[in-house]
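Novice: Here is a sequence with its predicted model. Questions after.
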Amino acid sequence: MARLDRVISVEDARALARRTLPKSIFEFIDGGAVDELTLADNRSGFNRLRLVPRMMTDVSAPDLTMAIDGRTLPAPLAIAPMGSCMLAYPQADLAIARAAAARGLPYTLSTMSTTAIEDMARAVDGPLWFQLYPFRDYDFNFDLMRRAAGAGFETLVVTVDLKAAGKRERDARNAMSIPLRLTVRHLMEGMSRPGWAMRFLAGGKPDFANVRGYAGAADSGLTIAARAARDLDSAMTFDGIRRLRDAWKGPLHVKGVLDAAEAKALVEAGADGIWVSNHGGRQLDSAVASIDALPAIRAAVGPDVPLVIDSGVRRGMDIIKARAAGATISAVGRAAIYGVTAGEAGVGRVLDILLDEIRNGMMLAGTPDYRGIGADLLAPAAR
Ligand code: FNR
């Protein structure tokens, strides 16, 4: 597709998303909480880091493979969970998952996806992880987990940073409700994006398939904050993690951790892995950037605990820097959803850009083996 030929970077895919989507929807995806300080730091944290390349190394066969949760991935990259993706493209969950699977990369299905757990497992032949927002009702949590395990999802990712919904002022100004209740404003915006509007209307009524059975789930028109406050377990502590741990046989990761002591305590409570994440700057504004929190978390949990980092990854070089700062692999959220505004091919384009950038960066840095990348690659000021 000619349009995609012109997408050379993730930022180009973002520009494509901006041109394709109505403003309210682009801002829901692209924006962050409050003053968007953390959103900005997620980028500047990566941008500040400098590397010391080595030249006297054979880099003719870069090896991007990485092991996590008993699997060897072809590259150190996963898709972070995202709800409401259908706002960007009909059946976006499936398009993103298929593009990831075609490259052997894990796809994390959100609790708030519009594709049901079972439908995703049937449609996709690749590593699948399931993300759980812990609800107040643990029987409901256990039911989702049973469904995910039964469908073959390998890793459970428990998101703990949505104790309350972030204050997303763009969404309030744009009258965004989840599920989307179309207002005159959205219809007007949609008229300037006819391609999107036709696809959206043909795509059928969006439905949060996994939580359909939850009491009150059918209420529409609630703000994101009201839904979260009503449904999610804001009282959760380590005991909640232990309960989920006891009920899940496979690897369990806790997502949304930024404190080193808490990461260590979570591992002691039974977590197999930690996602160092600030939810892409969408929750606590002024939260530390994931890349800045990472080294202390690696030091606290030791060398063997899987650490997935997300929030702000837009370049292959970010993924190399994250490895040098202690990550096992990186995950992308927005990069994938920008791409999906051009369907599965758009996601594929974005993933291939990132993979090419990792390969190219590793060769230029003189680190042909991803696993071997360590803190010595960082310029001394950044170590
Ligand atoms: C998210 N994120 C998210 N996280 C989660 O655990 N469950 C979810 O349902 C969602 N939904 C969601 C929707 C949208 C539109 C976005 C952009 C993000 C957060 C996501 O998993 C991840 O932490 C961030 O997106 C990572 O930051 P980048 O890569 O977007 O900068």
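Specialist: Cool, the structure landed. Everything quoted here is computed from the prediction, not taken from an experiment. Numbers count the residues shown, from 1 in each chain.
Novice: Now for whichever residue of the chain sits closest to the ligand: which residues touch it?
Specialist: Residue nearest to the ligand within the chain: G333 (2.1 Å; C-beta to the nearest ligand atom). Backbone N, C-alpha and C define where each C-beta goes, glycine included. By C-beta atoms under 8 Å, 6 or more residues apart in numbering, the residues touching G333 are I79, A80, P81, M82, G280, D310, S311.
Novice: The second one: what's it in contact with?
Specialist: Taking C-beta under 8 Å, 6+ apart as the criterion, A80 is in contact with T108, S277, G280, D310, A331, V332, G333, A336.
Novice: The first one now?
Specialist: Under the criterion of C-beta under 8 Å, 6+ apart, the contact partners of I79 comprise I96, A97, A100, L105, P106, Y107, T108, A331, V332, G333, A336.
Novice: Need the CA coordinates for the helix or strand hosting L16. PDB is fine.
Specialist: Per DSSP states H and E, L16 falls inside helix 10-20. Output of helix 10-20 as PDB, limited to C-alpha atoms (Å, rounded to 0.1, in the frame of the first residue of the first chain):
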ATOM      1  CA  VAL A  10       6.700   4.900  14.400                       C
ATOM      2  CA  GLU A  11       6.300   8.700  14.400                       C
ATOM      3  CA  ASP A  12       5.100   8.500  10.700                       C
ATOM      4  CA  ALA A  13       2.500   5.900  11.800                       C
ATOM      5  CA  ARG A  14       1.400   8.300  14.500                       C
ATOM      6  CA  ALA A  15       1.000  11.000  11.900                       C
ATOM      7  CA  LEU A  16      -1.100   8.600   9.800                       C
ATOM      8  CA  ALA A  17      -3.300   7.800  12.800                       C
ATOM      9  CA  ARG A  18      -3.800  11.500  13.400                       C
ATOM     10  CA  ARG A  19      -4.900  12.000   9.700                       C
ATOM     11  CA  THR A  20      -7.100   8.900   9.800                       C
END
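Novice: What separation do you get for K163 and L284?
Specialist: Going from K163 to L284 by C-beta to C-beta, to the nearest Å gives 10 Å.
Novice: Between these two, which has more neighbouring residues?
Specialist: Neighbour count, other C-beta atoms under 10 Å: between K163 and L284, L284 has more, with 20 against 16.
Novice: give me the subset of the contacts of G333 touching the ligand.
Specialist: Checking those against the ligand by C-beta under 6 Å from any ligand atom, the ones in range are A80, P81, M82, G280, D310, S311.
Novice: And the strands in the chain?
Specialist: Using DSSP state E, the strands found in the chain span residues 66-68, 71-73, 77-79, 107-109, 128-132, 155-159, 252-257, 273-276, 307-309, 329-332.
Novice: I'd like those as JSON lines, with mean pLDDT appended.
Specialist: JSON lines is the format used below for those (pLDDT from 0 to 100):
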{"stretch": "strand 66-68", "mean pLDDT": "98"}
{"stretch": "strand 71-73", "mean pLDDT": "98"}
{"stretch": "strand 77-79", "mean pLDDT": "99"}
{"stretch": "strand 107-109", "mean pLDDT": "98"}
{"stretch": "strand 128-132", "mean pLDDT": "98"}
{"stretch": "strand 155-159", "mean pLDDT": "98"}
{"stretch": "strand 252-257", "mean pLDDT": "98"}
{"stretch": "strand 273-276", "mean pLDDT": "98"}
{"stretch": "strand 307-309", "mean pLDDT": "99"}
{"stretch": "strand 329-332", "mean pLDDT": "99"}
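Novice: Of these, which is nearest I320?
Specialist: Closest to I320 of the strands of the chain, according to C-beta to C-beta: strand 329-332, at 9.3 Å.
Novice: which strands and helices sit next to that closest one?
Specialist: With contacts taken as 3 or more C-beta pairs under 8 Å, 6 or more residues apart in numbering; DSSP states H and E, strand 329-332 sits against strand 77-79, strand 307-309, helix 316-324.
Novice: I'd like to check the angle between the last one and helix 10-20, please.
Specialist: In terms of direction (axes from the mean of the first three to the mean of the last three C-alpha atoms, to 10 degrees), helix 316-324 departs from helix 10-20 by 130 degrees.
Novice: what's across from L232 in the sheet?
Specialist: Beta bridges link L232 to F135, judged by DSSP bridges.
Novice: can you redo the strands of the chain as CSV with distance to L187?
Specialist: As requested, the strands of the chain are exported to CSV (distance: least, C-beta to C-beta, whole Å):
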stretch, distance to L187
strand 66-68, 44
strand 71-73, 43
strand 77-79, 31
strand 107-109, 30
strand 128-132, 32
strand 155-159, 32
strand 252-257, 35
strand 273-276, 37
strand 307-309, 39
strand 329-332, 31
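Novice: ok, back up a step: which of the contacts of I79 lies closest to Y370?
Specialist: Closest approach between the contacts of I79 and Y370, by C-beta to C-beta: L105, at 13.7 Å.
Novice: hang on, that closest one packs against L354?
Specialist: No - assessed by C-beta atoms under 8 Å, L105 is found out of contact with L354, at 9.7 Å.
Novice: The two: which is more packed in?
Specialist: Taking other C-beta under 10 Å, L105 and L354 do not tie; L354 has more neighbours (28 against 24).
Novice: ok, back up a step: taking the contacts of G333, tell me the two that lie furthest apart.
Specialist: Pairwise over the contacts of G333, using C-beta to C-beta, the maximum falls at I79 and S311, 13.9 Å.
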